[in-house]
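Colleague: Any chance you could fold what I've pasted below:
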Amino acid sequence: MTTPIVHSASSASPRSQPYVRVTSRGQQWVEFEFSLGDPALYVELVMRPEQFTAFCTAQCAITVSHQLGRALERERDKWCETVA
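Modeller: As a prediction, the model looks like this:
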């Protein structure tokens, strides 16, 4: 496993603040969205729970609240409806 780039909390600008949003969690895996600066733009990742914890700590990531996560889902749904 490669070592993630570490951001200290004090050096993270609002445009580079790391965010995570857990989308599924089991005993073996954590599926989550990872973003920098804008939680609406993300990559989907899967890690083992202990790797996920270490990753979040190393990135100084903020966990997206349930309320914000739902709002992001509603916004994505709007885009899906307009594309179809």
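Colleague: So which residues of the protein form strands?
Modeller: 18-25, 30-36, 43-47, 62-63 (DSSP state E).
Colleague: Could you list the buried residues of the first one?
Modeller: In this case it means strand 18-25. 18-21 (16 or more other Cβ atoms under 10 Å). For glycine as for every other residue, the C-beta is placed from the backbone atoms N, C-alpha and C.
Colleague: from those residues, which is closest to Ser35?
Modeller: Tyr19 (4.8 Å; Cβ to Cβ).
Colleague: mind listing the helices for this structure?
Modeller: Per DSSP state H, the chain carries helices over the ranges 49-59, 66-83.
Colleague: Can you give me the pLDDT of the closest residue to Glu31 other than its chain neighbours?
Modeller: Excluding the flanking residues, the one nearest Glu31 by Cβ to Cβ, 6 or more residues apart in numbering is Ser24, at 4.0 Å. Looking at Ser24, its pLDDT is 95.
Colleague: same question, Ser13
Modeller: pLDDT at Ser13 comes out at 60.
Colleague: is it true that Leu45 touches Trp29?
Modeller: No: Leu45 lies out of contact with Trp29 (Cβ atoms under 8 Å); the separation is 10.2 Å.
Colleague: quick revisit: relative to Cys56, which of the strands of the chain is closest?
Modeller: Comparing the strands of the chain by Cβ to Cβ, strand 18-25 comes nearest, at 5.7 Å.
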